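*Asks:* 3D, please:
(chains A and B)
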Amino acid sequence: MMLKYIDWKATIPRIVASVPIACLLVYPVFSSSRGVLSMLILSGIWAIAAMGFAMILRTGQFSLGQAAFMAIGGYTSAILTIKAGWPFFPSFFMAGMVAGIIAMIIGAIILRVGGIYFSIITLAFGEIVRILAQNLEGLTHGARGLIPSSPDPISLGSFQINFDASLVPYYYFMIILVAITALVFWQIERSRLGGTFFSMSANQILAEHQGIHLMKYRVIAFTVANIFTGFAGALYAHFLETITPRSLDLWKSIEVMIMGIVGGVSSMVSGPIIGAVLLNGLSNYLSRLRIYGISQLLFGGAVVLLLVFLPKGTGLVDLWEKFWRWVFKEPEFYEIPSIDE
Amino acid sequence: MAFGMVLVLSILGILNWAHGQFYMFGGIAAYYAVTAAGIPFPISIILSALIVGTLGILVEKLIIERINVPIYGPLYVGVATISLIFFFEGAASMLFGLQDKGLSMVFPGVFDFGSFSVSYQRIGVVIFTVTVMVAMYIVLNRTKTGFAIRAVAQEPVAANLYGISVKRISAIVMGIGCALAAMAGSMMAPIYPVNPFTGRIPMIMSLLAIVIGGLGSLTGAIVGGLILGFLNSVIAYSISKFQIPGLSSEVVLFMLVIFILLVRPQGLFGASLK
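*Replies:* Numbers count the residues shown, from 1 in each chain, chains lettered A, B, ... in the order given. Predicted structure coming up:
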């Protein structure tokens, strides 16, 4: 007889974490409240964008143009379904691809600069996308925006998945999309590629001297992240059934950034998801109070407090690990003091 | 406006993204000083500069100084000031309401140049701006504090060794920068009405001016602002002849900024960032 050793210290946190995930999976079975479901769908969409942001940040670049790539994805999908008459799923796929290709071309040009310059460039890029969407009347209907329809019903034998009737199909579509994104990002984080990204953010000069081609990996991260951001944008446009130049502008990019930072960018997957769900739920709740400005006040305040009191800027994910170390009375990790000062 | 932002940037190495919100607070403070307290407009400009300058010092002391740790510091300070944008906008819309607040013209009347005319208010803005610029120049180049500020900008460690308190200078610089933004905001309040979101466009515009003039160069910011205003109308005029769909002066302007950052990140006037 073989006794299997169970590492309780690793298992219990996982079990505890899987409870809310399981609850989310079966949620539509018990309730069909449109408000909560649409809130969760939007959080999923923002979570994908925030994961993209975290991945770009992992290579040491601070992007303020995530909403611009969402807008590219959304507009691609909307134009293909409305003007070219494509069905939903091929145009949804194309949305991600177009966003990825644009990210690759743009990234090959702009990723050579770093730091604050990159932030300003992505900011300018986001504004260019917004103004183009406003001015190309023939393609995008200008400031009035486009109204993409929801996907056609899919029939599986006698059963029909109808996107118009309820939000549940959207909900599971979002869950699948988030799961695929999370899986891809998680695998990247665990692989050699993830290690390379991490070394680039930790010390760029050292990484370059180790033979890491900085540009190549930056472009890879930028492209992969923005493919998924494009998917998120397409889902956003089709779910809300509207997309206007103003709906995905610079300030949405900043919200994506706040979600990523609050959740914690020390992990590429769990942090952004937690941040997006938490902040989206909070703002949804606060908007019912009808005190205008309170959600912005709290968001801004939350980030500042987080940065002041968790000075490494690792967000709520770090608290989670700290909590379990406290439960099991494990010592804190020994930290190597920095030699820069 | 851009001048205050670049002052903070060049000396502390911090890009204050929330600068536009200090501009907005300046406008609101001047509005309340004039309407509620009945203080004459020129004094209320100075009053709003003082109030917002104090706010800036508080932000520097309570937030930026704590976050600015060696390696990742600048990045997180950027994040913090970006989130301060939301914080201040939310606070302003909760405290002061969303409606536009417009002051009446202080210097009514229009000066006629023949082919075009300029209101006295705008002439007043120009005169005031020039005065502030000259005053700043004198402060930076002739006073003891000005020498200290420039020393900190050049080499903080050495300045610290010579007995200059870098922390104190940082707070002073942040206060001056925010006070400049507030002056700009209160100066513009009679021309453009103030609401909690007025800070957004000036922030982007002064960012562009800084990029054109060179990140971290003081004269560059002034010249960049002038170039920006000039280029905007020139480009708008010249591309209106071509009729290319989707092309507007803003697109060209933003592309120009990207191009400048890629080719010559130190801007047109040297002075690279530390």
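
*Asks:* quick one, phi psi at A:I243?
*Replies:* Dihedral pair for A:I243: phi -150, psi 120, per degrees, to the nearest 10.

*Asks:* and it, how many neighbours?
*Replies:* Residues contacting A:I243 under the criterion other Cβ atoms under 10 Å in any protein chain shown number 28. The C-beta positions use only the backbone N, C-alpha and C, and glycine is treated the same way.

*Asks:* What of the one 10 residues further on?
*Replies:* A:S253 is flanked by 25 other residues according to other Cβ under 10 Å.

*Asks:* That one is in contact with A:Q66, isn't it?
*Replies:* Yes: counting by Cβ atoms under 8 Å, A:Q66 is a contact partner of A:S253 at 4.9 Å.

*Asks:* how about the strands in the chain?
*Replies:* Just so you know, I chose chain A. Ranges of strands in chain A, per DSSP state E, are A:154-156, A:159-161.

*Asks:* Correction: the question concerned chain B.
*Replies:* Shown for chain B, the strands assigned by DSSP E span residues B:110-112, B:117-119.

*Asks:* and residue 142, what pLDDT?
*Replies:* Going with chain A. On the pLDDT scale, A:G142 is placed at 69.

*Asks:* You answered for a different chain; I wanted chain B.
*Replies:* 84.

*Asks:* which of the strands of chain A has the lowest average pLDDT?
*Replies:* Of all these, strand A:154-156 carries the lowest average pLDDT, namely a mean of 63.

*Asks:* for the longest helix seen in chain A, which positions count as buried?
*Replies:* Ranked by residue count, the top helix of chain A under DSSP state H comes out as helix A:214-240. Neighbour-count burial for helix A:214-240 flags A:214, A:217-240 (criterion: 16 or more other Cβ atoms under 10 Å in any protein chain shown).

*Asks:* what's around B:V130, how many residues?
*Replies:* 10.

*Asks:* From chain A, how far off is it?
*Replies:* Distance from B:V130 to chain A, counting by Cβ to the nearest Cβ, to the nearest Å: 28 Å.

*Asks:* Keeping just the C-alphas, turn stretch A:236-253 into PDB.
*Replies:* In PDB, the C-alpha atoms belonging to stretch A:236-253 read as follows (Å, rounded to 0.1, in the frame of the first residue of the first chain):
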ATOM      1  CA  TYR A 236     -17.600  44.300 -25.400                       C
ATOM      2  CA  ALA A 237     -19.000  45.800 -28.600                       C
ATOM      3  CA  HIS A 238     -21.300  42.900 -29.200                       C
ATOM      4  CA  PHE A 239     -22.500  42.500 -25.700                       C
ATOM      5  CA  LEU A 240     -23.400  46.200 -25.200                       C
ATOM      6  CA  GLU A 241     -24.500  46.300 -28.900                       C
ATOM      7  CA  THR A 242     -22.900  49.700 -29.300                       C
ATOM      8  CA  ILE A 243     -19.500  51.100 -29.900                       C
ATOM      9  CA  THR A 244     -18.600  54.800 -30.100                       C
ATOM     10  CA  PRO A 245     -15.300  56.600 -30.200                       C
ATOM     11  CA  ARG A 246     -15.900  57.900 -26.700                       C
ATOM     12  CA  SER A 247     -16.800  54.500 -25.100                       C
ATOM     13  CA  LEU A 248     -13.200  53.300 -25.200                       C
ATOM     14  CA  ASP A 249     -10.900  56.200 -24.800                       C
ATOM     15  CA  LEU A 250      -7.800  57.100 -22.700                       C
ATOM     16  CA  TRP A 251      -9.700  57.100 -19.400                       C
ATOM     17  CA  LYS A 252     -10.800  53.600 -19.900                       C
ATOM     18  CA  SER A 253      -7.200  52.600 -20.500                       C
END
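
*Asks:* related to what we said a few turns ago, quick check, the longest helix of chain A touching chain B?
*Replies:* No: applying Cβ under 8 Å from any Cβ of the partner chain, one finds helix A:214-240 out of contact with chain B, separated by at least 13.2 Å.

*Asks:* still on that earlier bit, go through the strands of chain B and find the least confident stretch.
*Replies:* With a mean of 64, strand B:110-112 has the lowest mean pLDDT of those.

*Asks:* what are the phi and psi angles of A:P87?
*Replies:* phi -70, psi 170.

*Asks:* just the helices in the stretch 201-341 of chain A please.
*Replies:* Under the criterion DSSP state H, counting those that start in this stretch, helices of the stretch 201-341 of chain A are mapped to A:204-209, A:214-240, A:250-263, A:270-288, A:294-309, A:315-327.

*Asks:* Can I get the ones you listed in CSV including mean pLDDT?
*Replies:* Putting the helices of the stretch 201-341 of chain A into CSV (pLDDT from 0 to 100) gives the following:
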stretch, mean pLDDT
helix A:204-209, 82
helix A:214-240, 88
helix A:250-263, 82
helix A:270-288, 82
helix A:294-309, 76
helix A:315-327, 72
